[in-house]
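In: Next input, structure requested:
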Amino acid sequence: MSYLETSHKMATYLLDSFPLDSVVPWDFDAPLVPMCPADTSAVTIALMGLLLLVQQENSLSPANTTNVARWISGTWKALIPHTDAQSNCV
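Out: Below you'll find the predicted structure:
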């Protein structure tokens with residue numbers, strides 16, 4: 001299996017592991033009761049990896065855009081709710 005194929009599988013796992021509200025807990029495997037704190041710094045690093053993967057896919061000849069839309073929308077869906085200066089997120 002190539003590094004690129006492994007990256008695809010990791011990206012799919014990451015997005016499939018997001019809760020419905022895309023607020024990523026500090027530990028994906030932690031019980032959700034009581035609610036655990038969000039970890040916006042770690043998810044930002046992971047999402048940067050998704051954007052780098054999109055860039056890599058677009059640089060191929062021909063470009064492989066099969067999952068690109070999902071990766072980009074997953075990135076924005078996870079980040080945008082946490083970018084409001086009025087938010088209480090850390």
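In: pLDDT score for the residue nearest the centre of the chain?
Out: Centroid check for the chain by C-alpha atoms, centre = their mean gives residue 47 as the closest residue, at 4.2 Å. Looking at residue 47, its pLDDT is 80.
In: State the three-state secondary structure for it.
Out: helix (DSSP: H, G, I helix; E, B strand; the rest coil).
In: Look up how far residue 53 lies from the closest residue to it other than its chain neighbours.
Out: Nearest in space to residue 47, with sequence neighbours left out and distances taken as C-beta to C-beta, 6 or more residues apart in numbering, is residue 75 at 4.5 Å. Yep, even glycine has a C-beta here, placed from its N, CA and C like the rest. Between residue 75 and residue 53 the computed distance is 10 Å (C-beta to C-beta, to the nearest Å).
In: what's the answer for residue 5, then?
Out: Taken as C-beta to C-beta, the span from residue 5 to residue 53 is 11 Å.
In: May I see the buried residues of the worst-scoring helix or strand of the chain on mean pLDDT?
Out: In the chain, the helix or strand scored least confidently by mean pLDDT, DSSP states H and E is helix 68-79, which has a mean of 74. Buried positions in helix 68-79, judged by neighbour count with 16 or more other C-beta atoms under 10 Å: 68, 71, 74, 75, 78.
In: How about stretch 55-68?
Out: For stretch 55-68, by 16+ other C-beta under 10 Å, it's 57, 67, 68.
In: Stretch 1-18 too?
Out: 7, 8, 11, 14, 15, 18.
In: Of all the residues you listed, the one with the weakest confidence?
Out: residue 18 (77).
In: I figured it was touching residue 70, is that so?
Out: No: at 11.6 Å, residue 18 does not count as touching residue 70 under the criterion of C-beta atoms under 8 Å.
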